[in-house]
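In: I'll drop the sequence and a predicted model, then ask my questions.
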Amino acid sequence: METTLFIPALLTGIFCYLGAIESPWLFGMSGGFYIMGRPLVAGLLVGLAFGDVQAGVLCGLAVQAVFIANLSTGGATNSEITYADYGGIGLALATTKEPAVAVTLSVLLGQTFGLIFYNTRMALYSFWNNKAQHAAETNNTRGIVLNHLFYPQITTFLLRAVPVFLAIYYGSGLVEWLLANVPEVITKIISVLGGVLPALGIAMLMNIVIKSKIQLIFFFAGFVLLAFAGLSMIALVFISALVAYLYFIASNKSAATPIKETNSSNSDVFEDEDLF
Amino acid sequence: MDKLIEEQRLTKRELRQIWYRWGFTHLSSMSYEKLQAHAWAFSYIPFAEKYYKNDPEAKRRLLVRHSMFYNTEPQTGQIINGIVASMEEEIALGKNVPEELPVNIKATLMGPLAGIGDSLIQGIIVPILLSIAMGMAAGGNAIGPIFYILAYGILGPLISYLSFHYGYKLGVNAIDNIIGDNVKRITDAFNILGIMVVGGLAAGNIVLNSTLEIPMGESIRSLQSVLDGIFPKILPLSMVLLAWWLVSAKQMTATKVILILTAITTVGVVIGVF
């Protein structure tokens, strides 16, 4: 058991480093954070490492639903997604292989250890930043390479691959014991919380896209098209594109071909936003 | 004379080098203090070797002005890297472009482009591709994640590449083109698309059901079925509106909102509402 766990645990730790937001190897955020960092992809990769792709994808699918709106703006994040993915799915595959266990562990790890490690690293990087700044001021291009790329990446490798490896290699026994001994109400709370947490990521997205309160009407429109009318996301995209296009036409105040004789009615509608 | 200057311009290869040096390492030394600052200096090292080999003072100024705090959406934001590359080229060739201009361009454009880029990438493209992939992955099918890897693996770098070259072509005239009136209409329209998709995400991905049973006349019905009859998914909707109010109006950090959501969930489970 111990020897068979070594390689999958090590691979999962390395994946956790490669999928990190600050990892450069897979074209920065494009292949790292946005691809390897997504729980659905993590499920496939961890499944491959543990030799059980189907269980991996099922765990990834369940965790992805919780983290659908995970995002990072200005370095602030609602949950450290790579520790959550690889720690949670890895530990689940090392123990019971149940998606519900993966979700519970991911939520727990993402909100606690993940955020602690993430903020520790952000603080440590200020140290390398100072050195890189100094290197720029003294025309030392080698210093920039070392302090922008080399040292920070060693730091993050140590803070990601090592803890995740250790957690899976030595932690699976602890997790099995916990699963057997934690009172039912706690697991119930965590599973309900897993359903509620996407609300935060979505709220952060709303904070980016909604510029004035009147625009909530578009949010409600999107919401009821799924909740009441039961449309799929793809159908919603086309309807939203239509609405966006109509807005684009309607907002063209200086159009050469006037639809109405005056522009006043047009501009009134949009000036209403200021009332809120 | 002019011919000489043309020969000194950045080659296609050197331009691509500036693009991918940023593309790979934009966040590799991210801290709250500097974020993507040093990736700029890093991407201009070959540039500095080419133009400022014999002018250490100008090289120093170049590296220092590209070590300042910087933060934007790094894929769509490549448009700024393109614009700045064309300006730095003009400066290096001795044209009449002040050295403060690239700094001002970065400071002016990084905010607006982060807004557009984040809503486009994190608000629209990634969640939609994931929604499709999750449907394909049902039952543990590996085709779902593979679809997502391929789709975003092509789209992400492509957006980055096109943005960079578009920015380079815009060059010094960029400001009018990027914060002009017409562009504002387009981004507003995209914004509406984003808001509606986010509304759909809220309906499709937040799960909260009440397990409470309430007496209705002689029979006992579950509260959830009553709620579904009035307004389906009203509980997820109220949760997301609460979270949004806390984040936007109350300016709370993500961690605080998590604690509040956890407290509500805990109380709800303990008293038997959820």
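Out: Everything's here; your move. Residues are numbered from 1 along each chain as shown, chains lettered A, B, ... in the order given.
In: Where does chain B get nearest to chain A, residue-wise?
Out: At 2.5 Å from chain A, B:G199 is the closest residue in chain B, using Cβ to the nearest Cβ. All C-beta spots, glycine's among them, are computed from the backbone N, C-alpha and C.
In: Quick check, pLDDT for that residue.
Out: Looking at B:G199, its pLDDT reads 93.
In: Spatially nearest residue to it (excluding sequence neighbours)?
Out: A:G222 (2.5 Å; Cβ to Cβ, 6 or more residues apart in numbering or on different chains).
In: and that neighbour, how far is that from A:V196?
Out: Distance, A:G222 to A:V196, by Cβ to Cβ, to the nearest Å: 19 Å.
In: Give the full set of residues in contact with the residue of chain B closest to chain A.
Out: A:F218, A:F219, A:F220, A:A221, A:G222, A:F223, A:V224, A:L225, A:L226 (Cβ atoms under 8 Å, 6 or more residues apart in numbering or on different chains).
In: By neighbour count, which of those residues wins?
Out: Most neighbours among the contacts of B:G199, by other Cβ atoms under 10 Å in any protein chain shown: A:G222, with 30 neighbours.
In: hang on, isn't that residue packed against B:G204?
Out: No - using Cβ atoms under 8 Å, A:G222 is not in contact with B:G204; the gap is 9.9 Å.
In: Find the least confident helix or strand in chain B, judged by mean pLDDT.
Out: helix B:174-179 (a mean of 65; mean pLDDT, DSSP states H and E).
In: A:E176 - nearest residue in space that isn't next to it in sequence?
Out: A:T95 (5.3 Å).
In: Specify which member of the contacts of B:G199 is nearest to chain B.
Out: Nearest member of the contacts of B:G199 to chain B, counting by Cβ to the nearest Cβ, is A:G222, at 2.5 Å.
In: In contact with the closest one, which residues?
Out: So A:G222 contacts A:L236, A:S240, B:I195, B:M196, B:V197, B:V198, B:G199, B:G200, B:A202, B:A203 (Cβ under 8 Å, 6+ apart).
In: any chance of these in CSV, with distance to B:V240 too?
Out: CSV is the format used below for the contacts of A:G222 (distance: Cβ to Cβ, whole Å):
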residue, distance to B:V240
A:L236, 16
A:S240, 18
B:I195, 13
B:M196, 14
B:V197, 14
B:V198, 9
B:G199, 9
B:G200, 12
B:A202, 5
B:A203, 9
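In: ok, and the most crowded of those?
Out: B:A202 (31 neighbours).
In: Centre of the chain to the helix or strand harbouring that residue, how far?
Out: Assigned by DSSP states H and E, B:A202 belongs to helix B:181-205. For helix B:181-205, the separation from the chain centroid amounts to 14 Å (computed by Cα atoms, centre = their mean, to the nearest Å).
In: quick revisit: and the angle for the helix or strand harbouring the residue nearest to B:G199 with helix B:181-205?
Out: Following DSSP H and E, the helix or strand that holds A:G222 is helix A:216-227. Between the axes of helix A:216-227 and helix B:181-205, defined by axes from the mean of the first three to the mean of the last three Cα atoms, to 10 degrees, the angle is 40 degrees.
In: For helix A:216-227, what does the pLDDT average out to?
Out: pLDDT averaged over helix A:216-227 gives 95.
In: In terms of secondary structure, what does the helix or strand just after it contact?
Out: Downstream of helix A:216-227, the first helix or strand assigned by DSSP H and E is helix A:233-250. Counting contacts by 3 or more Cβ pairs under 8 Å, 6 or more residues apart in numbering or on different chains; DSSP states H and E, helix A:233-250 is packed against helix A:216-227, helix B:126-136, helix B:181-205.
In: run the last query once more with 6 Å
Out: helix B:181-205 (3 or more Cβ pairs under 6 Å, 6 or more residues apart in numbering or on different chains; DSSP states H and E).
In: same question for the helix or strand following the helix it packs on, mean pLDDT?
Out: Downstream of helix B:181-205, the next assigned helix or strand under DSSP H and E is strand B:213-216. The average pLDDT within strand B:213-216 is 82.
In: repeat for stretch A:230-245
Out: 91.
In: Toward the C-terminus from the longest helix along chain A, list the very next helix or strand.
Out: For chain A, the longest helix by residue count, based on DSSP state H, is helix A:151-181. Next along the chain after helix A:151-181, taking DSSP H and E as the criterion, comes helix A:184-196.
In: Which residues does that next one contact?
Out: A:V66, A:V103, A:T104, A:V107, B:V207, B:L208, B:M239, B:L261, B:T265, B:T266, B:V269, B:F274 (Cβ atoms under 6 Å, 6 or more residues apart in numbering or on different chains).
In: likewise stretch B:130-150?
Out: Outside stretch B:130-150, the residues touching it (Cβ under 6 Å, 6+ apart) are A:I35, A:L40, A:V41, A:L44, A:V53, A:Q54, A:V57, A:L58, A:L61, A:M233, B:L129.
In: Pull up the distance across that stretch, start to finish.
Out: End-to-end distance for stretch B:130-150, by Cα to Cα, to the nearest Å: 12 Å.
In: list the buried ones in it?
Out: B:130-134, B:136-137, B:140-142, B:144-149 (16 or more other Cβ atoms under 10 Å in any protein chain shown).
In: measure A:I210 to B:L193 for me?
Out: A:I210 is 13 Å from B:L193, by Cβ to Cβ.
In: oh, I was asking about A:V145
Out: From A:V145 to B:L193 the distance is 41 Å (Cβ to Cβ).
In: Tell me which of those two has more neighbours.
Out: Using other Cβ under 10 Å as the criterion, A:V145 and B:L193 rank with B:L193 on top: 27 against 18.
In: Please name the nearest non-neighbouring residue to that one.
Out: A:A244 (4.1 Å).
In: tally of neighbours for that neighbour?
Out: Counted with other Cβ under 10 Å, A:A244 comes out at 20.
In: Got the domain ranges for chain A?
Out: A:2-203, A:210-275 (automatic domain parsing).
In: deepest of those domains, which one?
Out: domain A:2-203 (a mean of 22; mean count of other Cβ atoms under 10 Å in any protein chain shown).
In: Give me the mean pLDDT for it.
Out: pLDDT averaged over domain A:2-203 gives 91.
In: now that domain, how far from the chain's geometric center?
Out: 10 Å.
In: And stretch B:21-38, by the same measure?
Out: Distance, centroid of stretch B:21-38 to centroid of chain: 14 Å (Cα atoms, centre = their mean).
In: which residues are in contact with that stretch?
Out: Contacts of stretch B:21-38 (Cβ under 6 Å, 6+ apart): A:21-22, A:24, A:27-28, A:75, A:122, A:125-126, A:128-129, A:132, A:148-149, A:152, B:39, B:42-43, B:67-71, B:74, B:81, B:160.
In: Thanks a lot, catch you later.
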